[in-house]
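>>> Give the three-dimensional model of this entry:
(one chain, ligands or ions: 2)
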Amino acid sequence: MVEPATDTKTAAKVVPLLKDELDIVIPTIRNLDFLEMWRPFFEPYHLIIVQDGDPSRTIKVPEGFDYELYNRNDINKILGPKASCISFKDSACRCFGYMVSKKKYIFTIDDDCFVAKDPSGKAINALEQHIKNILSPSTPFFFNTLYDPYRDGADFVRGYPFSLREGVPTAVSHGLWLNIPDYDAPTQLVKPLERNTRYVDAVLTIPKGTLFPMCGMNLCFDRDLIGPAMYFGLMGDGQPIGRYDDMWAGWCTKVICDHLGLGVKTGLPYIYHSKASNPFVNLKKEYKGIFWQEEIIPFFQAATLSKDCTTVQKCYIELSKQVKEKLGKVDPYFDKLADAMVTWIEAWDELNPSGASAKATNGKA
Ligand SMILES: O=c1ccn([C@@H]2O[C@H](COP(=O)(O)OP(=O)(O)O[C@H]3O[C@@H](CO)[C@H](O)[C@H]3O)[C@@H](O)[C@H]2O)c(=O)[nH]1
Ligand SMILES: [Mn+2]
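Ligands and ions are numbered 1, 2, ... in the order given. I've put the predicted structure just below:
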């Protein structure tokens, strides 16, 4: 049985690394009381709250947090017609927060994700671990069997090429979840009582050429390195699928990271996912995606980007063309999604005219 760390007031105070270089993005249709338990870790940071659903509702933010809040009216006002690429009535709306942020790093977390405890019972500062992951290199070209070689107490093992030990810049740090795991609806229906109680003390680089199912619940990334690829695809109101927003972003991101020589890590930190969303509602959202992905995954596995694609934006536009050409025949939705991918980049560049990500990256290809 795992429990959240409810009393974090005694949590060790740490120097808030990247305090002025990182924004915390939270999509919400609920209240933000969960911030109280995160206060020792989050209070020094700026929050970007993306309020979904009815814009006339007032979302109360606990005292003492520095934040900006955007509802649907704000999104429409800022983006005008380009707001069509931001999902409504779906957690995918969070990507608007990535776009309006002016910081180098983003950490995004759901409002039902609490502070978890490690096996010693200590409250886990998930943000601190993500920062460690993102500031240390990744090793996508050759697998280190002792996991993350840059962690204290580990290193590269015998036989690991010295020419590869410098690693590459890390673009994404993908955290995990204790208690309610991020299962799809069929799995959730078959195993309603299953809880993740297994704390695995490991951080792994996902090898080049390997895709992964990116969950948006507990995710950190370098905006300058990969921000424009983090478009959480069109879901929610008026769309034929849901709960594939983060998956779509993860597949696009991994193909682009592989092309640009950037790293993606998964593993620590854990958060405590407090509640399961309704599996029947989720099944309705997911079911088309469950069979479409049998065509989507081979598409991403085979996707190649030309050498002129030297920035994330160029890669992303190139990918959108391939989506239209190769997935448009699966369903007209992908035609729409390909167009939304272009709109997203146009909106991103409008709001981030001189963003570092507009320059060629310095990852090792
Ligand atoms: O219409 C909505 C619904 C929810 N939100 C906010 O988004 C997150 C996640 O919501 P919730 O915890 O209810 O849903 P989960 O199924 O656990 O979400 C995970 O599954 C994926 C859905 O795509 C995603 O990776 C995870 O988020 C909360 O903060 C809600 O307040 C919303 O904004 N709009
Ligand atoms: Mn949840």
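
>>> does C220 count as helix, strand or coil?
strand (DSSP: H, G, I helix; E, B strand; the rest coil).

>>> Quick one, grab the pLDDT at it.
Looking at C220, its pLDDT reads 99.

>>> now do the one 4 residues further on
D224 is assigned 97 on the pLDDT scale.

>>> In which helix or strand does it reside?
Assigned by DSSP states H and E, D224 belongs to helix 223-226.

>>> which residues does the residue of the stretch 51-200 of the chain found nearest ligand 2 contact?
Across the stretch 51-200 of the chain, no residue is closer to ligand 2 than D112, which sits at 4.2 Å (Cβ to the ion). Every residue, glycine included, has its C-beta placed from N, CA and C. Going by Cβ atoms under 8 Å, 6 or more residues apart in numbering, D112 touches R30, F34, H273, S274, K275.

>>> now swap in I180 and tell me
Contacts of I180 were listed using Cβ under 8 Å, 6+ apart, and they are R195, N196, H273, S274, K275, A276.

>>> my read: the fourth one touches W177, true?
Which is S274. No: look at S274 against W177 with Cβ atoms under 8 Å: they stay out of range, at 9.8 Å.

>>> Could you tell me the phi and psi values at L22?
Main-chain torsions, L22, degrees, to the nearest 10: phi -140, psi 130.

>>> Ok, the one 10 residues further on next?
Taking degrees, to the nearest 10, you get phi -120, psi 30 for the backbone angles of L32.

>>> tell me the contacts of it?
I26, I49, I59, K60, V61, P62, D111.

>>> Relative to K285, how far out is the second one?
So the one you mean is I49. 23 Å (Cβ to Cβ, to the nearest Å).

>>> Which among the contacts of D112 count as buried?
Neighbour-count burial (16 or more other Cβ atoms under 10 Å) applied to these gives F34, H273.

>>> thought L219 was touching S173?
Yes: look at L219 against S173 with Cβ under 8 Å: they come within range, at 7.4 Å.

>>> Compare neighbour counts for the two and give me the winner.
S173 (30 against 24; other Cβ atoms under 10 Å).

>>> Specify the local secondary structure of that one.
Under three-state DSSP, S173 falls in the strand class.

>>> and the stretch 51-200 of the chain, which residues reach ligand 1?
Within the stretch 51-200 of the chain, the positions lying close to ligand 1 (Cβ under 6 Å from any ligand atom) are D52, K89, D90, S91, C93, D110, D111, D112.

>>> The third one: what's it in contact with?
So the one you mean is D90. D52, M235, G236, D237, Q239, G242, D245.

>>> so how far is Q293 from the closest residue to ligand 1 within the chain?
Taking Cβ to the nearest ligand atom, ligand 1 has its nearest neighbour within the chain at S91, 3.0 Å off. According to Cβ to Cβ, S91 stands 18 Å off from Q293.

>>> Name the residue in those two with the higher neighbour count.
S91 (26 against 20).

>>> and the following helix or strand past the helix holding D224, anywhere near ligand 2?
With elements assigned by DSSP H and E, the helix or strand that comes after helix 223-226 is helix 245-260. No: Helix 245-260 lies apart from ligand 2 when judged by Cβ under 5 Å from the ion; the minimum separation is 11.9 Å.

>>> Helix 245-260: how far from the chain's middle?
How far helix 245-260 lies from its chain's middle: 10 Å, per Cα atoms, centre = their mean, to the nearest Å.

>>> That helix versus strand 218-222: what angle between them?
Calculated by axes from the mean of the first three to the mean of the last three Cα atoms, to 10 degrees, helix 245-260 forms an angle of 30 degrees with strand 218-222.

>>> any residue of helix 245-260 up close to ligand 1?
Yes: against ligand 1, helix 245-260 shows contacts by Cβ under 6 Å from any ligand atom at D245, D246.

>>> Just the CA coordinates for the helix or strand just after that helix, please, in PDB.
Once helix 245-260 ends, the next helix or strand along the chain (criterion: DSSP H and E) is strand 263-273. C-alpha atoms of strand 263-273 as PDB (Å, rounded to 0.1, in the frame of the first residue of the first chain):
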ATOM      1  CA  GLY A 263      18.100  12.700 -25.200                       C
ATOM      2  CA  VAL A 264      14.900  11.600 -23.500                       C
ATOM      3  CA  LYS A 265      14.900  10.000 -20.000                       C
ATOM      4  CA  THR A 266      12.300   8.100 -18.100                       C
ATOM      5  CA  GLY A 267      12.100   6.800 -14.500                       C
ATOM      6  CA  LEU A 268      12.500   8.900 -11.300                       C
ATOM      7  CA  PRO A 269      10.800  11.000 -10.100                       C
ATOM      8  CA  TYR A 270       7.600   9.500  -8.900                       C
ATOM      9  CA  ILE A 271       4.500  11.400  -8.000                       C
ATOM     10  CA  TYR A 272       1.500   9.900  -6.200                       C
ATOM     11  CA  HIS A 273      -1.400   9.800  -8.700                       C
END
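
>>> Tell me which strands strand 263-273 pairs with, and in which orientation.
Strands that pair with strand 263-273, judged by DSSP bridges, come out as strand 113-114 (antiparallel), strand 170-179 (parallel), strand 203-205 (antiparallel).

>>> pLDDT on the last one, on average?
Spelled out, it's strand 203-205. Taken as a whole, strand 203-205 carries a mean pLDDT of 97.

>>> next one: the shortest one
For strand 113-114, mean pLDDT is 98.

>>> which is the next helix or strand following that strand?
Counting by DSSP H and E, what follows strand 113-114 is helix 126-135.

>>> before we move on, the earlier item: so how far is A11 from the residue of the chain closest to ligand 1?
Using Cβ to Cβ, one obtains 27 Å as the distance from S91 to A11.

>>> now swap in V168 and tell me
33 Å.

>>> Comparing those two, which residue is more hemmed in?
Higher neighbour count among V168 and A11: V168, with 22 against 18, using other Cβ under 10 Å.

>>> Alright, that wraps it up for me.
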